[in-house]
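> with the sequence up front, the predicted model follows.
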Amino acid sequence: MTDGLYARLRTYEGRGTTLSGVGKDLVNEPMIRHWCEAMGDTHPAYAGPGAVAPPTMLQAWTMGGLSGHAGRSVAQDELFGLLDEAGCTSVVATDCEQEYLRPLCPGDRITFDSVIESVSERKTTKLGTGYFITTRMDVRAGGEPAGRHRFRVLKYAPRIRKPKDGRPRPVINRDNAGFWEGVAQRRLLIQRCGGCGEPRFPWLPGCGACGSPQWDTLEASGSGSVFSYVVMHHPPFPAFDPPFAVGLIELAEGVRMVSNIVGVPPDKVRIGMPVELEFLGVGGEYELPVFRGVSGASADTDFSKPDGAPDRAPGPVAGPDPAPGHDLRPDPSSALRVGAALPSLAVPVTRTLIVAGAIASRDFQDVHHDAEIAKEKGSPDIFMNILTTNGLVGRYITDFFGAHAVLRKVSIRLGAPNHPGDTMVLSGTIGVLEGTTAEVRVVGANSLGNHVTGTVTVTIPEAAV
């Protein structure tokens, strides 16, 4: 990759990426239903008589699907071909900005113009080295302006990952081999002294209480709480993406062990926070026990206070996934003010969600459903596409503001990927409130860090202001 290549790449700026620019399907109820089911979105405006499409579906109506667009321009193919030849064989979406001008209704014919807006200079990222490509699309429905979509991808050469850069393998010896055999079976085994019955961890050849060398095992229930923790920022380790939380977990059986705390943003971990055991598969080679923050535990709860003591001021709750479409505000009359925090929403990142979201958005990139190909392209597993993330952010906002809220603009940037088995916790803060228009700053965090950051502009009913 040379400066000469960049000069060639820049010649594609301003060139269109499609010729015909016609959506393959009219806006239709089955695709709307599929999208809403994938996102868990039951907003009443998207179903029944007079239904409209979720605004965040804007790009889905322009996608070519498996067969692509018949009128595709050669410009993008040539541009991507040049990058493929230079070794930039992988692509990942990084930014998405959508502006919504009018609702899309069943029966609307979608047309669009798409242009390559800019190509960045060569950049080095955690994924690898490559170029950011930004395209802009103006979308029409029945000939009327319906929205604008700006999309940014990184076309890159995957960073070569040496074996030593992987997560360190556990050290197994004759004293702890039984423990790791249990972990391989997704069981957390604790030693129990055959003399005094005292449980102990880590595994040892003899009892520290009575000295007996006799012992058996019991299987931990998996319930526990954070006894102490640290958030690692430095020094960096190749296998970990800081910041991340390492906790001393007190198990219900009375022993303590060190492990990672997942499913909770590192800055939200608290002493006393309840956690549950789960097992993390590492590269399909072995399992590790980790602990996930229990749904329903508030980051601002004082877990150390005695039962019956007064509660602290309520904060965002990373609780169970609320019934889709419900108004999340605990007190609507006081929640709408600048600086007010929206209650958090925990979204379990399952393989089903990743695949269903990709299909609902007509995105058939193999990295979103084929784990082996995803690994070949530098990812440890399949990962969520940006259209699904955009849809979940839109759902989070309209769930909070209610049935009559209307999305006007969603602008997001991706960070740490959403892989299967993780949990994304969405949180938001009202940054601007002018009349019936609110701008909300949104963050979606997983165990690796911030998956998504951005802003959402929404119009809310006057009665709610």
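Sure thing, it's come through.
> disregarding flanking residues, what is the spatial nearest neighbour of residue 383?
Spatially, and ignoring its direct neighbours in sequence, residue 383 is nearest to residue 417 (4.1 Å; CB to CB, 6 or more residues apart in numbering). For every residue, glycine as well, the C-beta is placed using N, CA and C.
> what about that neighbour, is that helix, strand or coil?
The three-state label given to residue 417 by DSSP: H, G, I helix; E, B strand; the rest coil is coil.
> how near is it to residue 395?
For residue 417, the distance to residue 395 (CB to CB, to the nearest Å) stands at 20 Å.
> following the one helix or strand in the chain whose mean pLDDT sits lowest, which helix or strand comes up?
Within the chain, no helix or strand scores below helix 332-335, which has a mean of 51 by mean pLDDT, DSSP states H and E. Under the assignment DSSP states H and E, the closest C-terminal helix or strand after helix 332-335 is strand 341-349.
> distance between that next one and the chain's centre?
Between the centre of strand 341-349 and the centre of its chain there are 11 Å (CA atoms, centre = their mean, to the nearest Å).
> same question, stretch 438-458
The answer for stretch 438-458 is 10 Å, by CA atoms, centre = their mean.
> what's the span of it from first residue to last?
5 Å (CA to CA, to the nearest Å).
> may I see the buried residues of it?
For stretch 438-458, a neighbour-count test (16 or more other CB atoms under 10 Å) marks 438-440, 442-448, 451-452, 454-458 as buried.
> just the ones in strands from those residues, please.
Using DSSP state E, the members of these that fall within strands are 438-440, 442-446, 451-452, 454-458.
> most centrally placed residue in the chain?
Nearest residue to the geometric centre of the chain (CA atoms, centre = their mean): residue 418, 3.9 Å.
> excluding chain neighbours, what is closest to it?
Nearest non-adjacent residue to residue 418 (CB to CB, 6+ apart): residue 384, at 3.8 Å.
> and what of residue 293?
Spatially, and ignoring its direct neighbours in sequence, residue 293 is nearest to residue 264 (3.6 Å; CB to CB, 6+ apart).
> and the one you found, how many neighbours?
Neighbour count for residue 264, taken as other CB atoms under 10 Å: 27.
> same check, this time on the one 3 residues further on
Residues lying near residue 267 (other CB under 10 Å) number 11.
> still on that earlier bit, for residue 198, see how far away the residue nearest to residue 383 is.
Going from residue 417 to residue 198 by CB to CB gives 43 Å.
> tell me which of those two has more neighbours.
Higher neighbour count among residue 417 and residue 198: residue 417, with 23 against 16, using other CB under 10 Å.
> residue 218 touches residue 199, doesn't it?
Yes - contact criterion CB atoms under 8 Å: residue 218 and residue 199 qualify, at 6.9 Å.
> between these two, tell me which one has more neighbours.
Relative neighbour count places residue 199 above the other of residue 218 and residue 199, with 16 against 12, counting by other CB under 10 Å.
> the more buried one reaches residue 207, doesn't it?
No - the criterion here is CB under 8 Å, and residue 199 misses it with residue 207 at 10.1 Å.
> shared neighbours of these two, anything?
Counting by CB atoms under 8 Å, 6 or more residues apart in numbering, the shared contacts of residue 199 and residue 207 are residue 193.
> residue contacts, residue 280?
Taking CB under 8 Å, 6+ apart, we find residue 280 in contact with 260, 262, 287, 288, 289, 290, 421.
> what about it, which helix or strand?
Using DSSP H and E, the element containing residue 280 is strand 274-282.
> name the strands paired with the very next helix or strand once past that strand and say parallel or antiparallel.
Using DSSP H and E, the next helix or strand after strand 274-282 towards the C-terminus is strand 286-293. When pairs are called by DSSP bridges, strand 286-293 turns out to pair with strand 256-262 (parallel), strand 274-282 (antiparallel).
> alpha carbons of the longest one, as CSV, please.
Read it as strand 274-282. Output in CSV follows, covering the C-alpha atoms of strand 274-282 (Å, rounded to 0.1, in the frame of the first residue of the first chain):
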residue,chain,number,x,y,z
PRO,A,274,-24.3,-10.0,42.4
VAL,A,275,-22.8,-12.1,39.6
GLU,A,276,-23.5,-15.5,38.0
LEU,A,277,-21.0,-18.0,36.6
GLU,A,278,-20.8,-18.6,32.8
PHE,A,279,-18.2,-20.2,30.6
LEU,A,280,-16.2,-18.5,27.9
GLY,A,281,-15.1,-20.5,25.0
VAL,A,282,-11.6,-19.5,23.8
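> just how off-centre is it within its chain?
Relative to the chain's own centre, strand 274-282 is displaced by 18 Å; criterion: CA atoms, centre = their mean.
> average model confidence for it?
Averaging pLDDT along strand 274-282 gives 90.
> same question for it: list its buried residues.
Buried positions in strand 274-282, judged by neighbour count with 16+ other CB under 10 Å: 274, 275, 277, 278, 279, 280, 282.
> got the contact list for the third one?
Residue 277 makes contact with 188, 220, 222, 223, 224, 289, 290, 291, according to CB under 8 Å, 6+ apart.
> on that earlier part again, hang on, the residue nearest to residue 383 packs against residue 385?
No - Residue 417 is beyond contact range of residue 385, at 10.2 Å (criterion: CB under 8 Å).
> state the pLDDT value of the residue nearest to the centre of the chain.
Residue 418 is given a pLDDT of 94.
> go on, residue 257?
95.
> give me the neighbour count for it.
Neighbourhood size, residue 257 [other CB under 10 Å]: 19.
> my guess is it contacts residue 202, does it?
Yes - counting by CB under 8 Å, residue 257 touches residue 202, with 7.1 Å between them.
> shaky segments in this protein?
Counting by pLDDT under 70, the chain contains low-confidence ranges at 1-3, 18-20, 70-73, 160-167, 236-238, 283-284, 295-335, 462-465.
> now do the longest helix seen in it: distance to the chain's middle.
Taking DSSP state H as the criterion, the chain has its longest helix at helix 386-401. How far helix 386-401 lies from its chain's middle: 12 Å, per CA atoms, centre = their mean.
> and if you look at stretch 86-105?
On the basis of CA atoms, centre = their mean, stretch 86-105 is displaced by 16 Å from the centre of the chain it belongs to.
> how far does it stretch from one end to the other?
Terminal residues of stretch 86-105 are spaced 43 Å apart (CA to CA).
> which residue ranges form the strands in the stretch 101-250 of the chain?
Secondary structure of the stretch 101-250 of the chain by DSSP state E, counting those that start in this stretch: the strands cover 110-119, 123-124, 128-141, 144-158, 189-193, 199-200, 215-219, 223-232, 244-251.
> what angle sits between the fourth one and helix 386-401?
For strand 144-158 against helix 386-401, the angle by axes from the mean of the first three to the mean of the last three CA atoms, to 10 degrees is 130 degrees.
> which strands and helices sit next to strand 144-158?
Applying 3 or more CB pairs under 8 Å, 6 or more residues apart in numbering; DSSP states H and E, we find strand 144-158 packed against strand 90-100, strand 128-141.
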